[in-house]
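Trainee: Please find the sequence and the predicted model below.
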Amino acid sequence: MRAVLQVVNSARVSVDDKTIGEIGPGMVVLLGVGREDGREDARYLAEKISGLRIFKDQAGKINLSLRDIGGKLLVVSQFTLYWDCRNGRRPSFDQAAPPEQALDLYEYFVVQLRSLGLGVETGEFQARMLVEINNQGPVTVLLDSEREF
């Protein structure tokens, strides 16, 4: 499972010109589910994200977690995080999970975040979405449940 995290002042996701998820200060999580991923991967990433200290404290040092600042999450499924562009010019998506598996793990990931006491808004799985991100920093973090990076 792969995630791209962005620290935001605000963010929202819309489908067909209708806002379906919106947050103030916090983090956007773009989540990709791989063919080999399972529930342990979702639990690992949820726990990692909940405690990740990537927000500034009063002294300006990056020392606070999402919980510490009372921030929220906007989680958006993004299967393209598993595209492989190493060969040729057309990305391969062979490593991305099939939709049924990806939906199950995406929803499980959201449940895990909420069980950790975090406020979570979501996008719509397999929809064409407009994601508006008002970055802060910008701060962007890459996570992989296989700990490849």
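Mentor: Perfect, I can see it now.
Trainee: phi, psi of the closest residue to E22 other than its chain neighbours?
Mentor: Spatial nearest neighbour of E22, excluding adjacent residues (Cβ to Cβ, 6 or more residues apart in numbering): R12 at 3.9 Å. The way it works is simple: take the backbone N, C-alpha and C, and place the C-beta from them, glycine included. Phi and psi for R12, reported as degrees, to the nearest 10, are phi -150, psi 160.
Trainee: Does N9 fall in a helix, a strand, or a coil region?
Mentor: strand (DSSP: H, G, I helix; E, B strand; the rest coil).
Trainee: For burial, what's the neighbour tally of it?
Mentor: Per other Cβ atoms under 10 Å, the neighbour tally for N9 reads 13.
Trainee: now swap in A3 and tell me
Mentor: Using other Cβ under 10 Å, A3 is surrounded by 23 other residues.
Trainee: List the contacts of the spatially closest residue to A96 that is not a sequence neighbour.
Mentor: Leaving aside its chain neighbours, A96 sits nearest to Y82 (3.9 Å; criterion: Cβ to Cβ, 6+ apart). Neighbouring residues of Y82 by Cβ atoms under 8 Å, 6 or more residues apart in numbering: R2, G32, V33, G34, R35, F93, Q95, A96, A97.
Trainee: now the last one: how far from F125?
Mentor: Taken as Cβ to Cβ, to the nearest Å, the spacing of A97 relative to F125 amounts to 12 Å.
Trainee: Which helix runs longest in this structure?
Mentor: helix 99-115 (DSSP state H).
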